[in-house]
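Student: One predicted model, sequence on top.
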Amino acid sequence: MKGGKSKADTSKKSETKLSVKRKGSKAPQKPAKREKAGKDPNKPKRPPSAFFVFMEEFRKSYKEKNPNVNKVAVIGKAGGEKWKSLSTVEKGPYEAKAAKLKTEYNKKMDAYNNQSESGNNAADDEEETSDKSKSEVNDEDNEDEEEESGEDEDDDE
C-alpha cells in the first residue's frame with residue numbers, strides 16, 4: 001500500500017496528540033465563589049453624597065429647561081460638568097445638606113445595630129429555653145383561652 005496508513009499507526013498518533021492536548025488544556029483552578037449574604041430590608045440606606053444632593057435639584061431644573069431631552073446620560077454629563085464648574089462656596093449648601101443626612105444616617109445605623117444585637121440575643125435565648133415546638137405552644141395558648149371562656153360562661157349562670 002503506497003501512501004496508506006494502517007489503523008495501528010493512526011491510533012498511536014491520535015493517542016499521543018490527545019495526551020499532549022490533555023496536558024495543555026487544563027485551565028488553572030479558580031477559587032470557589034463565596035455566597036453573598038442576604039440583604040436586610042430593614043437596614044437604613046446610605047446617605048447621598050453632596051454631588052447626588054446637587055444632582056436631585058439639577059435634574060429638576062434641567063428637565064424644565066430642556067423638556068425634550070429624555071436621555072439619562074445627557075442629563076448626567078451636563079450635571080457633572082456643572083458640578084465641576086461650581087466653586088467651593090457654591091458647593092457649600094449641598095455639602096452641608098449631605099453632612100446633615102449623614103448624621104441622621106449614623107443615628108439610624110446605631111439604632112439598627114443596637115436593635116439587631118438585642119434582637120438576635122433574645123431570639124437565641126428563646127430557642128435555648130423552649131424545648132416545645134411553636135405548634136405545641138400555640139395549642140397550650142388555645143387551651144388556656146378555652147378554659148377562661150368556659151369559666152366566664154359558668155359565672156353567668
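Tutor: The structure has been received and is ready for your questions.
Student: Could you measure from the closest residue to Ser49 other than its chain neighbours over to Ala32?
Tutor: With sequence-adjacent residues excluded and distances taken as C-beta to C-beta, 6 or more residues apart in numbering, Ser49 is closest to Ala98, at 5.7 Å. In this view, the C-beta of every residue, glycine as well, is placed from N, C-alpha and C. As defined by C-beta to C-beta, to the nearest Å, Ala98 lies at a distance of 39 Å from Ala32.
Student: ok, the two, which is more surrounded?
Tutor: The neighbour comparison of Ala98 against Ala32 (other C-beta atoms under 10 Å) goes to Ala98, with 18 against 6.
Student: The more buried one reaches Met55, doesn't it?
Tutor: No. With the criterion set as C-beta atoms under 8 Å, Ala98 and Met55 do not qualify as a contacting pair; they are 11.5 Å apart.
Student: what are the ranges of the helices in this protein?
Tutor: In the chain, the segments counted as helices under DSSP state H are 7-25, 50-65, 72-85, 88-129, 134-156.
Student: how about the third one: buried residues?
Tutor: Within helix 72-85, the residues that qualify as buried by neighbour count (16 or more other C-beta atoms under 10 Å) are Ile75, Gly79, Trp83.
Student: I am finished for the moment; much appreciated.
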